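**Q** missing the sequence, but the structure's below:
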RNA sequence: GCCCCCUUGGCGCAGUCGGCAGCGCGUUUCCAUGGUAAGGAAAAGGUCGUCGGUUCGAUUCCGACAGGGGGCUCCA
């Protein structure tokens, strides 16, 4: 007798397997079943059930089902590669968020090329067609070591599991083997792979897969260890689910901010300047300035004072701040000048601290909030640069708040509300936060950490957004909150960071005079809301697929005259709108209307106004809004302008399309 | 930095099994006067990323380098 998730139970004959159970419920379920969860542990369908087991059948459409499919497909990939490159050492092949990968060490140091993917896929399809069973084998550690004695990566894993098992470490679970023996899955006489399982019953259950790319990847992610050849792929339960996924990839490609940036003439990366150093063209600069202006006005409303600091400073400043000690590999190399050594600044905080320290502060001054669009330079290895989301010259919307310790909690609470308000104004509405707490190696006093962490936690609780605690993920000097957002197609981006700094005030010997007429140490909050202006710009372009809301659009309105006799009226409408600070341009009648409308649409301009005979005589315009199915005729100019002004003030519309 | 891929007019791409290169968009000019996603014609525009090698001859084959892209690592 076993129990099912719906509360019912079923009686089976002794020795029945999970597959027998599925079959007893329905032949359809038996056909869809891939694996089973028994007492919270995933098992194969061939698993023999025991009396009283709580059982849940795993089918293809679920996340767990897909994990099983992907993991099993990874094994097929490994078998295919081993058969095509005899002598290959294979490492690990897990499922990942949207697919799976497998890492290989090819004989003679060979490398995969893109062309190999097709050959490997073809071999995989043969293996699937053969409908090879996945047969689970359980071995002692010693048996495992001899079974895989020609597979050094496998034996390394087995030894790791054995040692962890002996020490009772959690690592055992992490690697995926949960008892003091090892399990393996055999597909054929010659192909067997170390694995926790579960797997689909046979390769015939697979087939909706695609290999996507090849990459180099270091064994265990350690660049000092051998570089392996990785193949990425994905797999689904059905052809339609696979094709939906491939469409989502196309959608992400369509939204790529680098592509949109080129199409809309917003920015580019001149090789003459250097990798990761963008230039913003007039339209891109306008968008960026609009973002920054709005941010600055919000900061002023929230009690921030704007400051300005230089781009380079003497090495002694970064010695005091500790950057040269802790962050040197992220810094640009130094410049020598008149006997002193200068560095481009990697962060703005030391300079803001110097502004604070220029005079003595009373508790009455606090909190002090210094804000700056500070451009910092960080050395990023060439391989990690990626459009605007990963650059070497970064403009942070950076501020440092200096407060008395008893002000911290309140300051963080209002700050977090501010963060969310600002992001919402940019159309981002789904937030998830991460609270990173004290790591094992830390500086400072335990009570300081506890107090700062509690203040961060209570800010999160009062902001009412979902958050997870990342135990031990904080920097060595401070706990922090990272705010993540989901964009229009559900991708997650890390944006804002709020960090309570317990160290810099001390390193710079900062102080304020308290009500007790004694000097105290202020606490400091680092915070950036966009994170980096460049990165945020790129994320917004992807979120909106280039269809920026009217307040951000570089050209808000384009006016088209129907025929050349309407040109002067078009100019007149342009003057009227421009006088109301609306960003508008005109394209006169030098080609047919359809072509000009099309071009304006491709430029993703929010409103296209068409003016012809009827409009000239009655002072109206035809309004073609981005995303609307049909244009609106005979709208009075003032009516349109007022509507537009309201929309700009509300930072809304028109709908993207 | 490491692995894989890419580099042909402003942009997107063909192509040359080695014999001095083609399309579409865009640009310019002329014609067309067109009420909502491409009107027509003509012209201009490329030392095929750079340097070296093989060859009678290289944009094509080989090598190095540079730039870009996808990953690894790291992070905003």
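**A** Good, I have the coordinates. What you see is a predicted model, and the numbers here were worked out from it, not measured in a lab. Numbers count the residues shown, from 1 in each chain, chains lettered A, B, ... in the order given.

**Q** burial of residue A:23, as a residue count?
**A** 16 (other C-beta atoms under 10 Å). For every residue, glycine as well, the C-beta is placed using N, CA and C.

**Q** and if you look at residue A:447?
**A** Residue A:447 has 8 neighbours, counted by other C-beta under 10 Å.

**Q** The one 5 residues further on now?
**A** For residue A:452, the count of nearby residues is 27 (other C-beta under 10 Å).

**Q** Need the per-residue pLDDT for it.
**A** On pLDDT, residue A:452 comes in at 91.

**Q** nearest residue to it other than its sequence neighbours?
**A** residue A:500 (4.0 Å; C-beta to C-beta, 6 or more residues apart in numbering).

**Q** Mind giving me the packing neighbours of the helix or strand encompassing the one you found?
**A** Using DSSP states H and E, residue A:500 sits within strand A:492-501. If you count contacts as 3 or more C-beta pairs under 8 Å, 6 or more residues apart in numbering; DSSP states H and E, strand A:492-501 packs onto helix A:408-425, helix A:446-463, strand A:480-486, strand A:523-528, helix A:533-543.

**Q** Check which element follows the second one along the chain.
**A** Beyond helix A:446-463 in the direction of the C-terminus, DSSP H and E gives the next helix or strand as strand A:467-470.

**Q** got it, and the first one?
**A** Downstream of helix A:408-425, the first helix or strand assigned by DSSP H and E is strand A:430-436.

**Q** Just want the angle from that following strand to strand A:480-486.
**A** Comparing the axes of strand A:430-436 and strand A:480-486 via axes from the mean of the first three to the mean of the last three C-alpha atoms, to 10 degrees yields an angle of 160 degrees.

**Q** returning to what we had before: thought the residue nearest to residue A:452 was touching residue A:454?
**A** No: using C-beta atoms under 8 Å, residue A:500 is not in contact with residue A:454; the gap is 10.5 Å.

**Q** Neighbour count for those two, which is higher?
**A** Ranked by neighbour count (other C-beta under 10 Å), residue A:500 and residue A:454 place residue A:500 first, with 26 against 13.

**Q** Now do the more buried one, the pLDDT please.
**A** Residue A:500 carries a pLDDT value of 92.

**Q** Contacts only, for residue A:441.
**A** Listed by C-beta atoms under 8 Å, 6 or more residues apart in numbering, the contact set of residue A:441 reads residue A:476.

**Q** would it count as being in a strand?
**A** No: secondary structure assignment (DSSP: H, G, I helix; E, B strand; the rest coil) places residue A:441 in coil, not in a strand.

**Q** Check the spacing between it and residue A:347 real quick.
**A** Note on residue A:441: its distance to residue A:347, by C-beta to C-beta, to the nearest Å, is 21 Å.

**Q** And for residue A:645?
**A** Distance, residue A:645 to residue A:347, using C-beta to C-beta: 40 Å.

**Q** do the same with residue A:197
**A** For residue A:197, the distance to residue A:347 - C-beta to C-beta - is 47 Å.

**Q** The two: which has the busier surroundings?
**A** Per other C-beta under 10 Å, whichever of residue A:197 and residue A:347 has more neighbours is residue A:347, with 22 against 19.

**Q** May I have the residues that are in contact with the closest residue in space to that one that isn't next to it in sequence?
**A** Nearest non-adjacent residue to residue A:347, counting by C-beta to C-beta, 6+ apart: residue A:376, 5.8 Å away. For residue A:376, the contacting residues are A:344-348, A:393-396, by C-beta under 8 Å, 6+ apart.

**Q** Residue A:376 bridge partners, please.
**A** Residue A:376 forms beta bridges with residue A:394, as assigned by DSSP bridges.

**Q** And it, how far from RNA strand B?
**A** 9 Å (C-beta to the nearest atom of the strand, to the nearest Å).

**Q** residue ranges for the helices of the stretch 251-400 of chain A, please.
**A** All helices of the stretch 251-400 of chain A, identified by DSSP state H, counting those that start in this stretch, fall at A:257-263, A:282-301, A:315-321, A:323-326, A:349-357.

**Q** pLDDT below threshold where in the stretch 501-650 of chain A?
**A** Within the stretch 501-650 of chain A, not a single segment meets pLDDT under 70.

**Q** Any residues of it in contact with RNA strand B? List them.
**A** Those residues of the stretch 501-650 of chain A that sit near RNA strand B, judged by C-beta under 7 Å from any atom of the strand, are A:528, A:531-532, A:534-535, A:561-565, A:589-595, A:597-598, A:601-602, A:608, A:610-615, A:621-622, A:624, A:630-631, A:633.
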